[in-house]
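K.L.:
can't give you the sequence, but here's the structure:
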């Protein structure tokens, strides 16, 4: 029954999000436990005279690990690609090179069958697109960004010269987006982030998900220097240390969620899209306009945030003020 119910969102992914046309070729990158979602989308593509190719790869050990080269090459020659995986390949050279070669992509990381039926994917993406673009423009090139929350977050950084990224789940050739998160983000200039981050909502990676208690990060000269909290904070600290890569501590992104249909469920692309939430990305920044490649890219999500950009308040206590 679920496969039948997932068909409606599968059609939407092809018709609305990817804007696919008859005769185009779609590459679906997946892993065994996500096969039901991949097959549902492939069946929808076949009905629409779109040629689907499903590639199944071994699960990656960490988020942002590269897919096999044979899949990366297939992504480059596709008209469009979908990533239906558990560990994210969003922040990889494979995605960067595919869109650079003219493909277009949609990332469905950590998708569940339930997310293919209700939740953030029910959003009117076209309606939200302009707000997302406006927020990205507000963040772009900011000389001074100041993020605060009632829970103790107090972070500043510069994004001078950096592009603002508008991810609203609709893509043209040469573009990619995550889904169902609608977000505007910017990558700080390396070394400029200073202060404290306190994630109070979610850390949807490595089995953490919804937070039992806040995770606190001390940030000095663009890098996390200390991680504090309870059991989940310890899980994260041990995971990052195990990678033996100093760049995993880089402050890579500030993103603002703008999907009114998303809700906190402990899964990455649903949680990041919650309207008015803010996430701070750590690790890889190259796909967002930064310069660093790390062994992972994780996001720490918080609520009731206020964001001031060059003296202009764009988010106040979790409410958009553009």
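P.N.:
Happy to help now that I have it. Keep in mind it's a predicted model, so treat the numbers as computed, not measured.

K.L.:
what segments of the stretch 201-322 of the chain are helices?
P.N.:
231-242, 268-271 (DSSP state H, counting those that start in this stretch).

K.L.:
of all the ones you listed, which one comes closest to residue 140?
P.N.:
Among those, the nearest to residue 140 by CB to CB is helix 268-271 (22.8 Å). Glycine gets a C-beta too; all of them are placed from N, C-alpha and C.

K.L.:
of the helices of the stretch 201-322 of the chain, flag the one that's most buried.
P.N.:
Greatest average neighbour count among these goes to helix 268-271 (a mean of 27), per mean count of other CB atoms under 10 Å.

K.L.:
on that earlier part again, for residue 253, find the nearest of the helices of the stretch 201-322 of the chain.
P.N.:
Among the helices of the stretch 201-322 of the chain, helix 268-271 comes nearest to residue 253, with 13.3 Å by CB to CB.

K.L.:
tell me how far the closest one is from the chain's mean position?
P.N.:
How far helix 268-271 lies from its chain's middle: 8 Å, per CA atoms, centre = their mean, to the nearest Å.

K.L.:
mind giving me the domain split of this structure?
P.N.:
With domains defined by automatic domain parsing, the chain comprises 2-118, 123-320.

K.L.:
need those in a markdown table (columns: mean pLDDT).
P.N.:
As requested, those are exported to a markdown table (pLDDT from 0 to 100):
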| stretch | mean pLDDT |
| --- | --- |
| domain 2-118 | 94 |
| domain 123-320 | 97 |
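
K.L.:
hang on, the earlier thing: the helices of the stretch 201-322 of the chain: which one's closest to residue 130?
P.N.:
Checking these against residue 130 by CB to CB gives helix 268-271 as the closest, at 21.1 Å.

K.L.:
what residues does the closest one touch?
P.N.:
The contact list for helix 268-271 (CB atoms under 8 Å, 6 or more residues apart in numbering) reads 88, 107-111, 115, 119-120, 178-181, 201-202, 204-205, 262-265, 277, 299, 301.

K.L.:
residues touching residue 197, list them.
P.N.:
Each residue near residue 197 by CB under 8 Å, 6+ apart is listed here: 153, 155, 216, 217, 219, 280, 300, 302.

K.L.:
inside strands: which ones of those?
P.N.:
Among those, the subset assigned to strands under DSSP state E consists of 155, 216, 217, 219, 280, 300, 302.

K.L.:
show me how to select, in ChimeraX, the buried members of those residues.
P.N.:
To isolate the buried subset of the ones in strands among the contacts of residue 197 in ChimeraX, counting by 16 or more other CB atoms under 10 Å, use the following:
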select :155,216,217,219,280,300,302
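
K.L.:
what's the most distant pair in the ones in strands among the contacts of residue 197?
P.N.:
219 and 302 (13.8 Å).

K.L.:
out of the contacts of helix 268-271, which are buried?
P.N.:
Buried members of the contacts of helix 268-271, scored by 16+ other CB under 10 Å, are 88, 107-111, 115, 119-120, 178-181, 201-202, 204-205, 262, 264-265, 277, 299, 301.

K.L.:
now distance to residue 47 too, for the contacts of residue 197, in JSON lines please.
P.N.:
Formatted as JSON lines, these follow (distance: CB to CB, whole Å):
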{"residue": "153", "distance to residue 47": "47"}
{"residue": "155", "distance to residue 47": "48"}
{"residue": "216", "distance to residue 47": "50"}
{"residue": "217", "distance to residue 47": "47"}
{"residue": "219", "distance to residue 47": "49"}
{"residue": "280", "distance to residue 47": "41"}
{"residue": "300", "distance to residue 47": "40"}
{"residue": "302", "distance to residue 47": "42"}
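
K.L.:
and of those residues, the nearest to residue 76?
P.N.:
Taking CB to CB as the measure, residue 76 lies nearest residue 280 of these, at 31.0 Å.

K.L.:
hmm, residue 305 and the closest one touching each other?
P.N.:
No - taking contacts as CB atoms under 8 Å, residue 280 lies outside contact range of residue 305: 9.9 Å.

K.L.:
who touches both of those two?
P.N.:
residue 147.

K.L.:
thanks a lot, see you next time.
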